[in-house]
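**Q** Compute the structure for the input listed below.
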Amino acid sequence: MKDKIISLSSYPRAIAHIDGDAFFASCEQSREPSLKGRPIVTGKERGIIACASYEAKAFGVSRGIMLAEAKKLCPDLVVLPSDYETYSIYSERMLSIIKRFTPDIEEFSIDEAFCDLTGLRRIYRSSYPEIAKRIKHQIQKELDITVSVGLSLSKTLAKICSRHEKPNGITCVPGHRLHEFLQDIPLDRVCGFGPNTVALLNKCGIKTVLDYVKRPPSFAEKLLGKIGIELWHELKGGYVYKLSQEPKQKQLSISKTKTFMPSSGERDFVKAKLLRNLESAFIKLRRHRLSAKALTVYLRTSDFRGFGMEAALDRHSSSTLEFIGICTKMFDMVFKEGYKYRATGVVLSKIGPEGVDSRTLFDDPLKIERMTNISQAIDKINHAYGKHTVHLAASGSAGAGKRPHPRNNLTWRKKDLLKGESFRKRLKIPLLKLG
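**A** You can find the predicted model right below:
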């Protein structure tokens, strides 16, 4: 019906969303062609599936389920440890390919990106859908992975389109076809509509996205507020959410968490794990020339209960030694006998630049200077001989008595090192496999 048409313009703004298909699994299949066509999953080191290939999904295997359960669904499942270093390199290369076509690009996640193609038809002598197809083809040609592409008038619409024909699909919806496309799209496909919002809209007689945009804007604003009216405009083709090309915000916090197996109720062992997290967090803090003022510690039990506490110093510091006392006190208050713990973690917050220390009248400047120098000396030794070569005595048992478990499964790239490489510093060569 003519009165249902949302927009007569084809592409007043051409926004594309590029989304990797089962990205982690696809990277593994690209790196090792013998895995193509086979059901594979990543996440061996966690015991929980991080990503499943579409061949595995056909058996009902999905992200977040336990590996033991996945093996029951698919006995021939190939289980791999997650190689995030390689996935990051593939992500960078995918973004570099997109940037050849347009400078207006927003990295949305490791396997997703938005890009603005508006005004590029004259340069490429092609329609917007043809340009989107060329981007998709080039990614597949160079990286040997597939992506799904959505093209429409806004970021919200483009994201809906990219999910419409997964995997390896492309969906392009111009303005004059929005009313046809949205009439079959359920509300939960909209990024920004959670289960509670969908339930509320259903109670108002709204079942599809078209039902939603047919209501007046006052209805959306009254029912859902600011987010409601913004999405209403986006779904009608309005360009509300601009592409963000701003650099990532400065570090607001630094966290280090470690899950260990089997779970343990031994006080000294759990404390050692926590202090090892503290050391790792401060190593990263100093590497980025930062200092912290607040510390949060938390423990997680084998039944996934969490216990935590936060405290702060009266000034910033980058020295591990200055936080040991407060960390130990909080641990003693949080640790409960009779529980078995599976994870410990620390979070450094109230981050500031290194050297921002605002010493009080009662601080000992010589002691502060000594502790700073000790930390710097430890960093130099560990840099030369390996992380945690020099460590706190109380954290020494954190690596002792390790039993075989999934978290000891390392990717091949962390075991087969090239000359001059270390466990933590490697060349960015994800496609090289040593014989």
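
**Q** per-residue pLDDT, residue 11?
**A** With respect to pLDDT, residue 11 has a value of 90.

**Q** hang on, I meant residue 66
**A** At residue 66, the model reports a pLDDT of 82.

**Q** isn't it right up against residue 47?
**A** Yes - using CB atoms under 8 Å, residue 66 makes contact with residue 47 at a distance of 6.5 Å. C-beta coordinates here come from the backbone N, C-alpha and C atoms, glycine included.

**Q** Which one of the two is surrounded by more residues?
**A** Using other CB atoms under 10 Å as the criterion, residue 66 and residue 47 rank with residue 47 on top: 16 against 13.

**Q** doesn't residue 69 make contact with the more buried one?
**A** No - if you go by CB under 8 Å, residue 47 and residue 69 don't touch, sitting 10.6 Å apart.

**Q** how far does stretch 314-333 sit from the chain's center?
**A** Relative to its parent chain, stretch 314-333 has a centroid offset of 29 Å by CA atoms, centre = their mean, to the nearest Å.

**Q** Could I get the CA-only coordinates of that stretch as CSV?
**A** Provided in CSV are the C-alpha atoms of stretch 314-333 (Å, rounded to 0.1, in the frame of the first residue of the first chain):
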residue,chain,number,x,y,z
ASP,A,314,44.8,8.7,50.3
ARG,A,315,47.0,9.3,47.2
HIS,A,316,47.9,7.7,43.9
SER,A,317,50.7,5.1,43.6
SER,A,318,52.2,2.8,41.0
SER,A,319,54.0,0.6,43.6
THR,A,320,52.7,-2.9,44.2
LEU,A,321,54.2,-2.9,47.7
GLU,A,322,52.0,0.0,48.8
PHE,A,323,48.8,-2.0,48.1
ILE,A,324,49.8,-5.3,49.6
GLY,A,325,48.7,-4.4,53.1
ILE,A,326,45.3,-3.2,52.1
CYS,A,327,44.8,-6.1,49.7
THR,A,328,45.6,-8.6,52.5
LYS,A,329,43.2,-7.0,54.9
MET,A,330,40.4,-7.1,52.4
PHE,A,331,41.1,-10.7,51.5
ASP,A,332,40.9,-11.6,55.2
MET,A,333,37.5,-9.9,55.4
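
**Q** average pLDDT across it?
**A** Stretch 314-333 comes out at a mean pLDDT of 84.

**Q** Show me which residues of that stretch are buried.
**A** Neighbour counts using 16 or more other CB atoms under 10 Å place 315-324, 326-328, 330-331 of stretch 314-333 among the buried residues.

**Q** and if you look at stretch 194-210?
**A** Neighbour-count burial for stretch 194-210 [16+ other CB under 10 Å]: 197, 198, 201, 206, 208, 209, 210.

**Q** Check whether the second one really touches residue 189, as I assumed.
**A** What that stands for is residue 198. No - between residue 198 and residue 189 there is no contact under CB under 8 Å: 9.9 Å.

**Q** I'd assumed residue 421 was in a helix, is it?
**A** No - counting by DSSP: H, G, I helix; E, B strand; the rest coil, residue 421 is located in no helix; its state is coil.

**Q** Neighbours of it, how many?
**A** Count around residue 421 with other CB under 10 Å applied: 14.

**Q** any idea how far residue 88 is from it?
**A** 17 Å (CB to CB, to the nearest Å).

**Q** Now do residue 29: how many residues are near it, please.
**A** 22.

**Q** For this protein, give me the ranges with low pLDDT.
**A** Residue ranges of the chain with pLDDT under 70: 1-4, 7-8, 46, 246-252, 354-371, 375, 382-410, 412-414, 420, 422-435.

**Q** can you pull out the strands in it?
**A** Ranges of strands in the chain, per DSSP state E, are 15-20, 40-42, 51-52, 78-80, 105-109, 112-116, 147-152, 170-172, 254-264, 290-301, 306-317, 341-349, 352-353.
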